[in-house]
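Trainee: Here's a sequence, model it:
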Amino acid sequence: MKKLVVANWKMNPQTIEEANNIFSGIKRTAQKITGVETVICPPFLYISAFKLKDSLVKLGAQDAFWVNPLAGKGPYTGEISPDMLKMAGVKYVIIGHSERRENFGETNEMVNKKVKAALESGLKVILCVGEKERDHEHAYLRFIKTELEEGLRGIKKTNFKNLVIAYEPIWAIGKKGAEADSPESVLQMSIYIRRVLQPIVGKELTHDLPIIYGGSAEPVNAEAFLKEGKVQGFLVGHASLKPEQFNEILKIANES
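Mentor: Model (predicted):
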């Protein structure tokens, strides 16, 4: 199975010229790497600027709305539907990122509706789950279990083949690589996530479902997360805006 490395640019960069430079810097390396699925998720504004036909690099989006308008009816100011993204060449979409949950009040119910709409459109969904903090009573495990159960409620089992889980401990986001979660902890969390998913997704699909790590993934810790943490890839934030750093992660993933 190929590793999956996703660049989440968030609300960056500020100009299309910068975006093209970062994109080109990543694409030159990603095109030579066959053991990794590379996905770039720029702001919506830049998606149509990147031409990726027959490319090893895939386009992703950072969010999608839960309604696919029929016959041109879409009275949802400011929103973008999964169908629109698909027509623009998008293959993956990030849903339920912790920043959207925190800053925009996205609930598990809203996340669930977005996941359903995106999967039904044929997009591959990267569903983000993760805790704000670790507690001695292990309430954070129940928190993640609820995010998974409510976020995937009512999803058709045939659509789970297009699902990716991104585990991102919120307390580790934006930190230096050395302050990220430990590979041992991430391995235990991956085992726990698969245990929660089994009655929802089914045993066979659960075994094959990719779990990637987000939360200060950098070249300094990438190899350990892959080899010791047993993750299938990364959701990369700030390092994805620096082609040299991101390309190093791609190379490590390709060799691990």
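Trainee: A helix includes T206, no?
Mentor: Yes. The assignment for T206 by DSSP: H, G, I helix; E, B strand; the rest coil puts it in a helix.
Trainee: Isn't it up against R194?
Mentor: Yes. Using C-beta atoms under 8 Å, T206 is in contact with R194, at 5.3 Å. The C-beta positions use only the backbone N, C-alpha and C, and glycine is treated the same way.
Trainee: Can you show me the helices along the stretch 101-250 of the chain?
Mentor: Along the stretch 101-250 of the chain, counting by DSSP state H, counting those that start in this stretch, helices occupy 108-120, 139-151, 183-201, 203-208, 219-227, 243-255.
Trainee: hang on, isn't M1 packed against V231?
Mentor: No. Using C-beta under 8 Å, M1 is not in contact with V231, being 11.9 Å away.
Trainee: Show the end-to-end separation of stretch 172-187, please.
Mentor: Chord length of stretch 172-187, first to last residue, is 16 Å (C-alpha to C-alpha, to the nearest Å).
Trainee: So what's the model's average confidence on that stretch?
Mentor: Averaging pLDDT along stretch 172-187 yields 75.
Trainee: M1 and V231: which is more packed in?
Mentor: Neighbours were counted for M1 and for V231 using other C-beta atoms under 10 Å; V231 has more, 27 against 9.
Trainee: can you tell me how far that one sits from K116?
Mentor: Per C-beta to C-beta, to the nearest Å, V231 is found 26 Å from K116.
Trainee: Identify the residues contacting the closest residue to L197 other than its chain neighbours.
Mentor: Counting by C-beta to C-beta, 6 or more residues apart in numbering, L197 lies nearest to T206, which is 4.7 Å off, once chain neighbours are set aside. With contact taken as C-beta atoms under 8 Å, 6 or more residues apart in numbering, T206 is in contact with R194, L197, Q198.
Trainee: ok, now K27?
Mentor: Going by C-beta under 8 Å, 6+ apart, the list of residues near K27 reads S55, V57.
Trainee: And what about it, helix, strand or coil?
Mentor: The local conformation at K27, judged by three-state DSSP, is helix.
Trainee: so how far is N12 from it?
Mentor: Counting by C-beta to C-beta, the separation of K27 from N12 is 17 Å.
Trainee: now swap in A139 and tell me
Mentor: A139 sits 33 Å away from N12, going by C-beta to C-beta.
Trainee: if you count what's nearby, which of these two comes out ahead?
Mentor: It is N12, of A139 and N12, that has more neighbours when counted by other C-beta under 10 Å, with 15 against 11.
Trainee: Touching, the more buried one and S240? I think so.
Mentor: No. Counting by C-beta under 8 Å, N12 stays clear of S240, with 9.0 Å between them.
Trainee: Below-threshold pLDDT in this protein: ranges please.
Mentor: Applying pLDDT under 70 to the chain picks out residues 52-54, 71-72, 174-180.
Trainee: can we see that at 80?
Mentor: Residue ranges of the chain with pLDDT under 80: 51-55, 69-74, 134-137, 171-180.
Trainee: what residue lies at the spatial centre of it?
Mentor: I126 (4.0 Å; C-alpha atoms, centre = their mean).
Trainee: Perfect, I'm done here.
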